[in-house]
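Student: have a look; sequence and predicted model below, questions after that.
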Amino acid sequence: MHSETVTHPHGSSPLRGLAASGIFIVMLLAALALWTAIPLGWIYIGSKVATSQFPAGGPYAVVAIGIIVTIVLDSWLIGRLNVFYVRVTGTNRLTPMRPSWLKSMSDSRVSAGSTTVVEAVLMGSVLLAGLAFIGWFFLLAGSPLPNT
């Protein structure tokens, strides 16, 4: 069995929980960068490389290649952080949080439908990016209609 699919967590301690939370937050920020900082950063770099308002293919190639390479590196980083999370916690699954009085005897098993850490990170980053876009669109973008 691969270490990434281990389903029995190590003993819990406050330090392990803090480390796992920190890794999760760094993974979430790296995943959020996939939708925000990386494309916007490369568009900004492409605008600085362009010498006119109507550039040839050079700046576009810089943006396209830069985005692709940076997303591949960021995805590799998320994968490495996931391996580190598995080493710290002993599992790559998120356990459902239920009050103890709602737990049954079968809750000690990991169900086939439980969410992995990477899935939760990517879903969370898409939701955060969507909320950021909605906030920008309604609060900061302004109206595209002409003022008459």
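Tutor: Looks like it arrived, so ask away.
Student: what comes up buried for the one helix or strand G17 maps to?
Tutor: Using DSSP states H and E, the element containing G17 is helix 14-35. Buried residues in helix 14-35, counted by 16 or more other Cβ atoms under 10 Å: 19-20, 23-24, 26-28, 30-35. Any C-beta I mention is one placed from the backbone N, CA and C, and that applies to glycine too.
Student: state the mean pLDDT of that helix.
Tutor: Taken as a whole, helix 14-35 carries a mean pLDDT of 90.
Student: what element comes up after it heading to the C-terminus?
Tutor: Assigned by DSSP H and E, the successor of helix 14-35 is helix 37-49.
Student: helices or strands next to that following helix in the packing?
Tutor: helix 57-89 (3 or more Cβ pairs under 8 Å, 6 or more residues apart in numbering; DSSP states H and E).
Student: where does this structure have low pLDDT?
Tutor: Filtered on pLDDT under 70, the chain yields the residue ranges 1-12, 95-100, 102-113, 148.
Student: can you tell me the centre-most residue of it?
Tutor: A31 (2.1 Å; Cα atoms, centre = their mean).
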